[in-house]
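Undergrad: Sequence and computational prediction follow.
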Amino acid sequence: MVRLRVVAEDGRTATQRATALHEARAKPEALEQLVAVLEPLREGVAMLEEPLEGQAKQAKVPDELWALLDRAYAALDRYLGHLLHAAEVDPTCGPRCSACCTDLPPVLPIEALRMVRALRQRGDASVRLQRSVGLARAFQQVLVAQFGGEVSAAVDFTDPRYRAAQLIWRRLGHPCPVLGDDGNCTAYASRPLSCRAHIHVEDPGHCEPSSPRFTEVERPPLWGHPREAEVEVLLAKLGKLLDLPAVPNLQWGLARLHDHPSGRG
């Protein structure tokens, strides 16, 4: 894995960085940028809730919805970038740093389907999607050991047993099926919210489970303010309106939705 620079010590504590991000969220320009994220998502929900009169329920996601999602995620990147700039938080994350890509990032169903659609446009789509099936099955076995029985895709990823299974999984070191051999994400533009908001300000080596600081490393709270919750609510609603099945993480989502008709473009 490629290592990046270590950010120069700025003298702030983790609490001070978190406070700076909180203050940045409250500024008018940040609020305006968050609205730019929410507007296309609201449009998408309205479009699915009010189909044209006499129109049957669509078997595929309409192209207009994918365009709205592209707008929303582009605005999301601008919003997150603005918060980092305003709070003067300089992440060590960057191109070809794949230190956290053995994790199981939580996703919403519409995000998993969007990633499937992006992968389907690649020549190695079948290999990567099949790899996701194998990884999802392997992780399910880890979950079964933690829960003491069968588990469903509706498992609560905040459950301590799920978190324990996630830590065990990370220590196994399986790379994300979307990760390229060069350390770059092969569907970067379609990565989910959890990947976009995951930042790190220490040596990227500490993102790996072998690091003694793995469980203590500082990850500033770039996402999770109550004001931002509507983004996730709307993304979840899009999945429900499209009758997409529940998925707890990216690998499981790719495996469960890899043959969904809407993922074929």
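TA: Now that the structure is in, tell me what you want to look at.
Undergrad: How many residues are close by the residue nearest to G180 when sequence neighbours are not counted?
TA: For G180, ignoring the flanking residues on the chain, the nearest one in space by Cβ to Cβ, 6 or more residues apart in numbering is T186 at 4.7 Å. Any C-beta I mention is one placed from the backbone N, CA and C, and that applies to glycine too. By other Cβ atoms under 10 Å, the residues close to T186 number 19.
Undergrad: ok, T186 touching P177?
TA: No: at 9.1 Å, T186 and P177 do not qualify as touching, with contact defined as Cβ atoms under 8 Å.
Undergrad: how long is stretch 116-136 end to end?
TA: By Cα to Cα, to the nearest Å, the extent of stretch 116-136 from end to end equals 15 Å.
Undergrad: cool, stretch 235-254 as well?
TA: Length of stretch 235-254, first residue to last, Cα to Cα: 17 Å.
Undergrad: for stretch 90-107, same thing?
TA: From its first residue to its last, stretch 90-107 covers 25 Å (Cα to Cα).
Undergrad: which of the residues in it are buried?
TA: For stretch 90-107, burial by neighbour count (16 or more other Cβ atoms under 10 Å) applies to 91-93, 97-107.
Undergrad: Tell me how far it lies from the chain's centre.
TA: Counting by Cα atoms, centre = their mean, to the nearest Å, stretch 90-107 is centred 10 Å from the centre of its parent chain.
Undergrad: Please apply the same query to stretch 256-265.
TA: 18 Å.
Undergrad: Send me the helix or strand of the chain with the lowest mean pLDDT as CSV with only the CA atoms.
TA: Lowest by mean pLDDT, DSSP states H and E among the helices and strands of the chain is helix 160-172, with a mean of 92. The C-alpha coordinates for helix 160-172 follow below in CSV (Å, rounded to 0.1, in the frame of the first residue of the first chain):
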residue,chain,number,x,y,z
PRO,A,160,-21.4,-4.4,19.1
ARG,A,161,-21.3,-7.9,17.7
TYR,A,162,-21.3,-6.5,14.2
ARG,A,163,-18.5,-4.1,15.2
ALA,A,164,-16.5,-7.0,16.6
ALA,A,165,-17.0,-9.0,13.4
GLN,A,166,-15.9,-5.9,11.4
LEU,A,167,-12.7,-5.7,13.4
ILE,A,168,-12.0,-9.4,12.9
TRP,A,169,-12.6,-8.9,9.2
ARG,A,170,-10.3,-5.9,8.9
ARG,A,171,-7.5,-7.9,10.5
LEU,A,172,-7.9,-10.6,7.8
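Undergrad: helices or strands next to it in the packing?
TA: helix 125-147 (3 or more Cβ pairs under 8 Å, 6 or more residues apart in numbering; DSSP states H and E).
Undergrad: Now do the phi/psi pair for C93.
TA: Backbone geometry at C93, expressed as degrees, to the nearest 10, gives phi -70, psi 150.
Undergrad: ok, back up a step: name all residues that make contact with the residue nearest to G180.
TA: Neighbour list for T186: L119, R122, D124, R128, V178, L179, G180 [criterion: Cβ atoms under 8 Å, 6 or more residues apart in numbering].
Undergrad: Narrow the residues you listed to those in helices?
TA: L119, R128 (DSSP state H).
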